[in-house]
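Student: Quick one, what's the 3D model for this:
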Amino acid sequence: MPSGRVRRVIRALVSLVFLATLSISAGATVERQVLGSDRQLILEGAPPIPESLDDTLSRFHDTRSTLFSGWAPDGKGILVKTRFGGINQLHLITQAEGKKKQLTFMEEPIGEVTRQPGGSLIAFAMDEGGSGFDHIFLLNPEQGSVQRLTDGKSLNNRMVWDRQGRLLAYRSTRRNGKSNDIWIMDPKQPGQARLVFKARDGALWKPVDFSRDGKTLLVQYYAGITDSRIYLLNLESGALRLLVGDEVNATSNVASGFDHQDESVLFVTNQRGGAAEIGRAPLSGTEPVAYMRQTITWDVTEFRLSPDRSRGAFITNEEGISRLYLFDPATMSAASARKVPDGVISSLGFSPSGNRLGLTLSSARNPNDAFVLRLGKKPLKSGRIKRWTQDEDGLNPRRYVEPDLVHYPAPMLTSERTILMPAFVYRPRGRGPHPVVIYIHGGPEGQFRPSFNSTIQMWLSTLKVAVIAPNVRGSLGYGERYLSMDDGVLRENSVQDIGALIEWIAGQKEFDASRIAVYGASYGGYMALASSVHFGDRIKAVVNRAGISNFVSYLENTQGYRRDLRRVEYGDERDPEMRAFLQQISPLNHVDRIETPMLIVQGQNDPVVPVSESEQIVNALRSRGLPVWYMNALNEGHSYEKKENKDLFQKVTYLFLQNFLVE
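Tutor: This is a model prediction of the structure:
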């Protein structure tokens with residue numbers, strides 16, 4: 001078998017030939033640039049990038065994100081993911097703001113990380129070229145050795161160690177390429193990994209936690225954001241038992257782990273119809289679920305238990321801002337952690353002894369950094385929070401812009417009433433009226449949150465454009481009813497929310513309503529395309545990053561292991577009526593209504609939204625003679641992870657907006 005590097009070269013050559021064929025078949029001569037140190041980025045239809053842009057934008061390229069990724073075995077140091085070169089690698093830090101010791105030196109960014117309980121081995125996941133097909137590797141930090149544990153072909157991730165650190169459970173598509181099965185291996189003998197659960201197609205199944213005796217595996221089932229259940233898998237008999245959730249009446253139930261006596265399971269649920277909260281389900285199945293004593297009106301988005309299960313911590317999402325709480329499993333009570341900076345919190349992790357809590361925190365003015373919260377002797381008590389890492393190369397945070405949260409009116413569509421849509425507004429310094437970029441999040445069950453975004457800050461500072469990021473109906477974080485307002489045949493309701501935002505912008509003197517651009521990535525890319533169909537006369541430019549151009553071809557070509565999950569959200573294209581509806585709302589079928597200049601950005605290896613979705617809309621727009629810039633990274637997937645590609649993306653978007661929006 002060829003080496004990974006040889007395979008990448010072969011794939012790149014094939015892609016170049018394929019792209020050349022596409023340009024010829026399109027019947028028009030399109031100027032092409034091949035960029036990057038390894039010549040893996042194709043740019044078509046755009047002017048050359050001026051060298052002077054390096055000076056203009058370099059300070060935004062140099063910002064660095066650091067993600068908390070676990071604890072060192074002694075509980076004194078922490079593991080983080082950050083980059084010193086072009087991609088994120090794993091590092092060890094032994095004290096606050098101390099020197100980072102690099103542990104991995106891989107050719108691709110490091111993904112999921114989990115350290116062996118009671119030991120020093122570290123399992124991590126990594127794909128190749130953004131393909132989404134994670135492979136599992138084992139790092140021995142003491143020896144500096146890395147071993148691949150899985151086959152290098154199928155998707156393998158969602159790893160969980162048993163309590164003794166001997167076995168690793170994980171999700172894998174190894175059996176047939178599309179079913180999300182559960183396997184268990186001894187990392188010392190990866191060739192003897194065994195299949196312990198054959199998943200039914202159409203959903204994600206993953207391991208969550210081992211019981212203390214190792215005989216039971218807690219398993220998560222996920223069919224959609226409003227339909228998830230919790231099961232117990234007997235590893236001796238193979239019997240699967242439903243513990244939480246209902247196969248008929250769907251609710252969201254996300255497992256965290258067994259309690260300290262293996263008598264119940266703690267989880268996050270919306271079973272009572274309000275915000276997602278913490279529940280405890282006895283394993284006996286004969287007692288009712290117990291709920292947290294305090295009423296919290298915002299969704300719990302992440303919940304972690306300490307290694308001994310004597311305490312926990314969770315995060316709530318309060319209209320985009322995180323709040324950190326400490327949790328006592330014995331009393332099902334919680335208390336807010338004091339003096340934690342405002343921002344977006346993620347990646348909670350208790351130290352081995354449970355006396356400290358690591359986390360990642362970002363804000364509009366500060367990139368992701370690792371923080372450590374010292375905990376008290378009692379589960380609800382905490383001390384000082386300390387920042388362990390800090391971006392060394394970026395701008396002074398005071399030069400960045402903090403957004404304001406506003407609410408604009410949009411029609412209910414089913415009545416004459418209106419609904420208020422939340423949106424974050426970034427205002428550039430200086431006098432207006434300013435051009436506006438509408439920034440649409442992906443998902444669709446996503447949410448724009450005011451974490452650090454160097455691209456937005458770059459637009460504000462250099463182009464003097466305002467940026468407005470709406471959370472249209474269907475967004476996460478505002479309740480189940482709001483989340484379902486764009487499901488199925490209601491898909492275009494969220495598109496109309498962009499029209500309502502354009503109307504609102506026109507009524508604000510600080511904005512120039514004659515100069516509006518729309519930017520969207522993934523599902524947001526579809527929204528950007530759809531906006532150009534419906535509101536093209538009011539939009540000057542569109543940036544579509546890996547967006548869906550035709551729902552039918554998207555569902556038919558997305559990777560098999562995720563196809564049924566997407567059918568739950570968008571509809572089943574195999575049903576004739578739904579297929580007709582999906583064709584009706586697909587932007588590709590309304591190209592004759594698009595007049596807006598467009599930048600389309602793609603990764604060749606995208607497993608989520610296939611490259612064909614971008615290629616077909618590019619060719620359709622070019623056939624009409626419209627200005628189209630097309631950017632395709634041959635070594636990336638659904639998002640750009642390599643610094644060089646990210647920097648080139650920022651330069652190209654800067655030039656595009658400068659040409660078609662600002663000037």
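
Student: Please, which helix or strand holds the closest residue to Gly36 other than its chain neighbours?
Tutor: If you skip the residues right next to it in sequence, Gly36 has Glu644 as its closest partner in space, 5.6 Å away by C-beta to C-beta, 6 or more residues apart in numbering. In this view, the C-beta of every residue, glycine as well, is placed from N, C-alpha and C. Taking DSSP states H and E as the criterion, Glu644 maps to helix 643-657.

Student: coming back round to it: measure how buried the residue nearest to Gly36 is and give me the count.
Tutor: Here the number of neighbours of Glu644 (other C-beta atoms under 10 Å) works out to 20.

Student: how near is it to Phe105?
Tutor: Using C-beta to C-beta, to the nearest Å, Glu644 is found at 17 Å from Phe105.

Student: just to revisit the earlier point, average model confidence for the helix holding Glu644?
Tutor: For helix 643-657, mean pLDDT is 96.

Student: With stretch 586-604 instead?
Tutor: The pLDDT scores in stretch 586-604 average 97.

Student: Same check on stretch 227-236?
Tutor: Stretch 227-236 shows a mean pLDDT of 97.

Student: again, but for stretch 559-567
Tutor: 84.

Student: all helices of the chain, in order?
Tutor: Secondary structure of the chain (DSSP state H): helices located at 4-25, 53-61, 454-458, 480-483, 493-506, 523-534, 551-557, 560-570, 576-585, 611-622, 643-657.

Student: among these, which is nearest Glu277?
Tutor: In terms of C-beta to C-beta, the element of those nearest to Glu277 is helix 480-483, at 12.8 Å.

Student: who touches the closest one?
Tutor: Helix 480-483 is contacted from outside by 225-226, 252, 270, 273, 445, 473-476, using C-beta atoms under 8 Å, 6 or more residues apart in numbering.

Student: Buried subset of those residues, written for PyMOL?
Tutor: In PyMOL, a selection of the buried entries from the contacts of helix 480-483 looks like this (16 or more other C-beta atoms under 10 Å):
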select buried, resi 225+226+252+270+445+473+474+475+476
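
Student: Which member of the contacts of helix 480-483 is positioned nearest Leu565?
Tutor: Ile225 (9.7 Å).

Student: give the contact list for that closest one.
Tutor: For Ile225, the contacting residues are 252, 445, 476, 483, 569, by C-beta under 8 Å, 6+ apart.

Student: what's the spacing between it and Asp564?
Tutor: According to C-beta to C-beta, Ile225 stands 14 Å off from Asp564.

Student: what number of residues lie near the closest residue to Ser228 other than its chain neighbours?
Tutor: Closest residue in space to Ser228, ignoring its immediate chain neighbours: Tyr222 at 4.6 Å, by C-beta to C-beta, 6+ apart. Tyr222 has 17 neighbouring residues, counting by other C-beta under 10 Å.

Student: Ok, Arg241 next?
Tutor: Arg241 has 12 neighbours, counted by other C-beta under 10 Å.

Student: again with Pro141
Tutor: For Pro141, the neighbour count with other C-beta under 10 Å is 18.

Student: Got the phi and psi for it?
Tutor: The phi/psi pair for Pro141 (degrees, to the nearest 10) reads phi -60, psi -30.

Student: quick one, what contacts it?
Tutor: By C-beta under 8 Å, 6+ apart, the contact set of Pro141 is 92, 103, 120-122.

Student: Thr104 too?
Tutor: The contact partners of Thr104, by C-beta under 8 Å, 6+ apart, come to 89-90, 110, 124, 139, 146.

Student: can you tell me how far it sits from Thr66?
Tutor: Thr104 is 15 Å from Thr66, where distance means C-beta to C-beta.

Student: One more: Tyr408?
Tutor: Between Tyr408 and Thr66 the computed distance is 35 Å (C-beta to C-beta).

Student: Which one's more surrounded, those two?
Tutor: Neighbours were counted for Tyr408 and for Thr66 using other C-beta under 10 Å; Thr66 has more, 24 against 21.

Student: Show me how far stretch 136-143 is from its chain's centre.
Tutor: How far stretch 136-143 lies from its chain's middle: 26 Å, per C-alpha atoms, centre = their mean, to the nearest Å.

Student: How about stretch 77-96?
Tutor: On C-alpha atoms, centre = their mean, the centre of stretch 77-96 falls 20 Å from that of its chain.

Student: and it, which residues are buried?
Tutor: Buried positions in stretch 77-96, judged by neighbour count with 16+ other C-beta under 10 Å: 77-83, 86-93.

Student: what's the distance between Pro117 and Trp71?
Tutor: 11 Å.

Student: what sits in contact with each of the two?
Tutor: Residues within reach of Pro117 and of Trp71 at once, by C-beta under 8 Å, 6+ apart, are Pro352.

Student: Give me the more crowded residue out of the two.
Tutor: Using other C-beta under 10 Å as the criterion, Pro117 and Trp71 rank with Trp71 on top: 21 against 16.

Student: which residues in the stretch 201-350 of the chain form strands?
Tutor: Secondary structure of the stretch 201-350 of the chain, counting by DSSP state E, counting those that start in this stretch: strands at 204-210, 216-224, 227-234, 240-244, 253-258, 264-269, 277-282, 290-291, 300-305, 312-318, 321-328, 333-336, 344-350.

Student: now for the ones you listed, which one comes closest to Phe424?
Tutor: Phe424 lies closest to strand 321-328 among the strands of the stretch 201-350 of the chain, at 10.5 Å (C-beta to C-beta).

Student: just how off-centre is the closest one within its chain?
Tutor: Per C-alpha atoms, centre = their mean, the centroid offset for strand 321-328 relative to its chain is 21 Å.

Student: which strands and helices sit next to it?
Tutor: strand 312-318, strand 333-336, strand 344-350 (3 or more C-beta pairs under 8 Å, 6 or more residues apart in numbering; DSSP states H and E).

Student: what are the pairing partners of that strand, and which direction each?
Tutor: strand 312-318 (antiparallel), strand 333-336 (antiparallel) (DSSP bridges).

Student: Make TSV out of the helices and strands packed on strand 321-328 and add distance to Ala466.
Tutor: Below are the helices and strands packed on strand 321-328 laid out as TSV (distance: least, C-beta to C-beta, whole Å):
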stretch	distance to Ala466
strand 312-318	24
strand 333-336	34
strand 344-350	21
